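Enquirer: With the input below, show me the fold.
(chains A, B, C and D)
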Number of protein chains: 2
Amino acid sequence: MRSVMVQIPNTPTSADVARLAGVSRATVSYVLNNTSAVRISEATRRRVHEAARELGYVPHAAARSLRAGHSRMVLMPAPAIPVGPLYSRFLSELQGALGRLDYTVVQYGSVGLEGDEAARAWAELRPVAVLVPGAGLGPQGVAVLKRSGARAVVTLGPGRVEGAHALLMDHDTVGHCAGAHLYDRGCRRIGVVMPEESGLEVYARPRLAGVREALRGTDAAVMELPLAYTEEAAAELAARWPESGLDGVFAYNDEYAMLLMRALQDEGVRIPEDVAVIGADDLMLGRLLRPRLSTVHIELPSGRDLAALVDRAVRDPGGEPEVHTVLGASVIRRESS
Amino acid sequence: MRSVMVQIPNTPTSADVARLAGVSRATVSYVLNNTSAVRISEATRRRVHEAARELGYVPHAAARSLRAGHSRMVLMPAPAIPVGPLYSRFLSELQGALGRLDYTVVQYGSVGLEGDEAARAWAELRPVAVLVPGAGLGPQGVAVLKRSGARAVVTLGPGRVEGAHALLMDHDTVGHCAGAHLYDRGCRRIGVVMPEESGLEVYARPRLAGVREALRGTDAAVMELPLAYTEEAAAELAARWPESGLDGVFAYNDEYAMLLMRALQDEGVRIPEDVAVIGADDLMLGRLLRPRLSTVHIELPSGRDLAALVDRAVRDPGGEPEVHTVLGASVIRRESS
DNA sequence: TTGAAAGCGGTACCAC
DNA sequence: GTGGTACCGCTTTCAA
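Expert: Residues are numbered from 1 along each chain as shown, chains lettered A, B, ... in the order given. The predicted structure is shown next:
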């Protein structure tokens, strides 16, 4: 004896609530928003709440923000590639922190949209703030967003963009750490793994540059090692290893390091005696390898700090763009180097 | 000589465009939306486009959908825990497919919101469809969403919910595969790793149940092995291994399998001679372990199929909820079992 | 071919 | 204390 009501009822509006409670729409608004500037009798309050509950009334965010002239929506593009536990934690923390500040975090599925074109799509939602990881957003994009009401645009990536706040996450540092470490360990012919998977160049290039920089002016040579994330590619690379004469390698990250280490070991190359290996990201799996993997530990900014920056920027949109360097990198030496 | 204009201009509206182009707002709307029901002279078209470009006009999505009475927004909760490459791929594919069907995919940061409470928050955005992975959404939540205009609610998880379409991803199957395989390999005392990390019970419990089911009525015994994702916890578990008498273990997934294998090997337990190990998810790392890790390969539904389901449901909201079983599982035997 | 105007749902000012 | 009402930006009928 359920679902006697087959007809899907229209979405209830505040007018419906008002009618059912026998009051005006204004009163409904006052009650449901606890407007302090106006006093409503307890009896009326109850009637309104009761009516809203009965109808299952849910306010219409679009109507509200249209009227208010602004929203509390913080928009980020949804990551297109798998993100590791590090970044994932950071995201959760950020969402939690922004949520506590009463912002709504929304990740926009921007598959197939590029840079400033994406910015237009985001701008249609009139977010109060936009957080953009990676490069790809240009000054034009920032301008579009600001003109459409975004009070804060924050980039998280390698460089700063005119008009936007920046959390500089310069992966040069990561490569620099790795390069310096390998050099200290006595390596003079150093390979740097460059993943062939698309979407990773953003991190791979700066890391390579960092290694180069760390070794500039020394007697060490740097060699790029393009590598697809497959056993075959790794085996092929390992087969050519002896003739390469490499005595050290920065494997881009721990996962590529594991792939490469396995291939090298299968080939009879000894780690670290024949070649020192270091990864990055300090993933659990590095500790589980034998020899244990040396790695560059990366410290992302705290989600709470970024949330605070966003809030500050929203409250004072006129302020100078803040620029913070937030990517900490430090070598964790284990057994592979 | 840049930024002479310091004053932040107000967000341009279609009225501004109309004024600049010397036409009415209606005409602006016609032109920018390519309304076919009405013919606008080429000259006017150009003037409007020109004006829009010059002002950097971006339409206001909220106003538009308020007027239209519906949006093209497909909402999903943003994952709170790190997602693996499998699910990540699935998400990208889904976003791409929905994007091609002209939907906008938005992931709502629902950190700290529970089930039907979250549903209310989502409903405020008046999405045309809602996709909810996992359990946690009850019939009430579905009702709230539908009443607020969602034309399709799809759950992706272990069970179905009254009123919602369901993509049944029953992880029992995964455990069942693993259990049956271990039994076939001769195991009779079988351990099942239960991750202690929160958020994973949703998958762990059904997988355990699947193992139990596969072994029901046989002479094999099943034992739960709570395990935190740390080396210490794994070492402790491995230390107690001999007395446990286990000869087979389903390690929840490949990552926990790697953790456990390492601890067991460090303890001198031989794999697969002393104990057979199988993981799940068919991650690359399983192929890199020695012995190579047997695993349960999991087949998620195609993003395109789900996108099609959503589109169908949106076009025909009255239709019976579709229920599909979409989780394929098959054992990939390698060397660890 | 173009314009005037109503109205989507909510908020907040001003009367009563 | 409560109600009437103008208005946020956009679409779409109806008239001209």
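Enquirer: rest of the way, CA atoms for contacts and neighbours
Expert: Noted.
Enquirer: can you give me the helices for the stretch 151-300 of chain A?
Expert: Shown for the stretch 151-300 of chain A, the helices assigned by DSSP state H, counting those that start in this stretch span residues A:172-184, A:201-215, A:231-239, A:241-244, A:254-266, A:284-288.
Enquirer: Of all these, which one is nearest DNA strand D?
Expert: Between DNA strand D and the helices of the stretch 151-300 of chain A, the tightest spacing by CA to the nearest atom of the strand is seen for helix A:201-215, at 34.6 Å.
Enquirer: which secondary structure elements does the closest one contact?
Expert: helix A:172-184, strand A:189-195, strand A:221-227 (3 or more CA pairs under 8 Å, 6 or more residues apart in numbering or on different chains; DSSP states H and E).
Enquirer: Okay, buried residues for the first one please.
Expert: Using 16 or more other CA atoms under 10 Å in any protein chain shown as the burial criterion, the residues of helix A:172-184 that qualify are A:172-183.
Enquirer: so can I have a markdown table of the helices and strands packed on helix A:201-215 showing mean pLDDT?
Expert: Formatted as a markdown table, the helices and strands packed on helix A:201-215 follow (pLDDT from 0 to 100):
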| stretch | mean pLDDT |
| --- | --- |
| helix A:172-184 | 98 |
| strand A:189-195 | 98 |
| strand A:221-227 | 98 |
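Enquirer: And the next helix or strand past the one helix or strand A:M76 maps to?
Expert: Element membership of A:M76 [criterion: DSSP states H and E] is strand A:73-77. Toward the C-terminus, strand A:73-77 is succeeded by helix A:85-100 as the next helix or strand (DSSP H and E).
Enquirer: circling back: a markdown table for the helices and strands packed on helix A:201-215, including distance to DNA strand C?
Expert: Below are those laid out as a markdown table (distance: least, CA to the nearest atom of the strand, whole Å):
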| stretch | distance to DNA strand C |
| --- | --- |
| helix A:172-184 | 47 |
| strand A:189-195 | 50 |
| strand A:221-227 | 54 |
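Enquirer: Would you format the helices of the stretch 151-300 of chain A as TSV with distance to B:W122 included?
Expert: Converted to TSV, those look like this (distance: least, CA to CA, whole Å):
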stretch	distance to B:W122
helix A:172-184	39
helix A:201-215	33
helix A:231-239	43
helix A:241-244	54
helix A:254-266	37
helix A:284-288	35
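Enquirer: Buried deepest among those, which one?
Expert: Across the helices of the stretch 151-300 of chain A, averaging neighbours per residue (mean count of other CA atoms under 10 Å in any protein chain shown) puts helix A:172-184 on top, at a mean of 25.
Enquirer: ok and it relative to strand A:221-227, angle-wise?
Expert: Orientation check (axes from the mean of the first three to the mean of the last three CA atoms, to 10 degrees): helix A:172-184 against strand A:221-227 gives 120 degrees.
Enquirer: Run through who's touching helix A:172-184.
Expert: Here helix A:172-184 makes contact (CA atoms under 8 Å, 6 or more residues apart in numbering or on different chains) with A:190, A:206-215, A:220, A:248-250, A:276, A:278, A:280, A:295-296, A:298, A:327-331, A:337.
Enquirer: cool, and stretch A:321-336?
Expert: Outside stretch A:321-336, the residues that reach it (CA under 8 Å, 6+ apart) are A:160, A:163-171, A:173-174, A:177-178, A:181, A:271-272, A:276-278, A:282, A:290-301.
Enquirer: ChimeraX command for the buried members of those residues?
Expert: Only the buried entries of these go into this ChimeraX selection, using 16+ other CA under 10 Å:
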select /A:160,163,164,165,166,167,168,169,170,171,173,174,177,178,181,271,272,276,277,278,282,291,292,293,294,295,296,297,298,301
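Enquirer: re earlier: looking at the helices of the stretch 151-300 of chain A, which is nearest to B:V23?
Expert: Closest approach to B:V23 among the helices of the stretch 151-300 of chain A is made by helix A:201-215 (45.6 Å; CA to CA).
Enquirer: So what's the residue count around A:A43?
Expert: 8 (other CA atoms under 10 Å in any protein chain shown).
Enquirer: now the helices and strands packed on helix A:201-215 in a markdown table, with distance to A:G138?
Expert: Converted to a markdown table, those look like this (distance: least, CA to CA, whole Å):
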| stretch | distance to A:G138 |
| --- | --- |
| helix A:172-184 | 21 |
| strand A:189-195 | 25 |
| strand A:221-227 | 29 |
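Enquirer: Out of those, flag the one nearest B:E196.
Expert: For B:E196, the closest of these is helix A:172-184, at 31.9 Å, according to CA to CA.
Enquirer: quick one: the closest one to helix A:201-215, angle?
Expert: 40 degrees.
Enquirer: could you point out where chain A is predicted with low confidence?
Expert: A:1-9 (pLDDT under 70).
Enquirer: can you do 90?
Expert: A:1-10, A:36-37, A:80-82, A:110-116, A:134-136, A:158, A:199, A:318 (pLDDT under 90).
Enquirer: near DNA strand C, which residues of it?
Expert: Residues of chain A found near DNA strand C (CA under 7 Å from any atom of the strand) are A:11, A:13-15, A:25-26, A:29-30, A:33, A:35, A:58-61, A:63-64, A:66-68.
Enquirer: Any chance of a ChimeraX selection covering the buried ones in these?
Expert: Those of those that count as buried under 16+ other CA under 10 Å are selected in ChimeraX with:
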select /A:11,13,14,25,29,30,58,59,60,61,63,66
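Enquirer: in the stretch 151-300 of chain A, what residue is nearest DNA strand D?
Expert: Closest point on the stretch 151-300 of chain A to DNA strand D, by CA to the nearest atom of the strand, is A:R151, at 15.2 Å.
Enquirer: Revised request: answer the last question for the stretch 101-250 of chain A.
Expert: A:E124 (8.3 Å).
Enquirer: Next up, the contacts around that residue.
Expert: Here A:E124 is in contact with A:148, B:58-62 (CA under 8 Å, 6+ apart).
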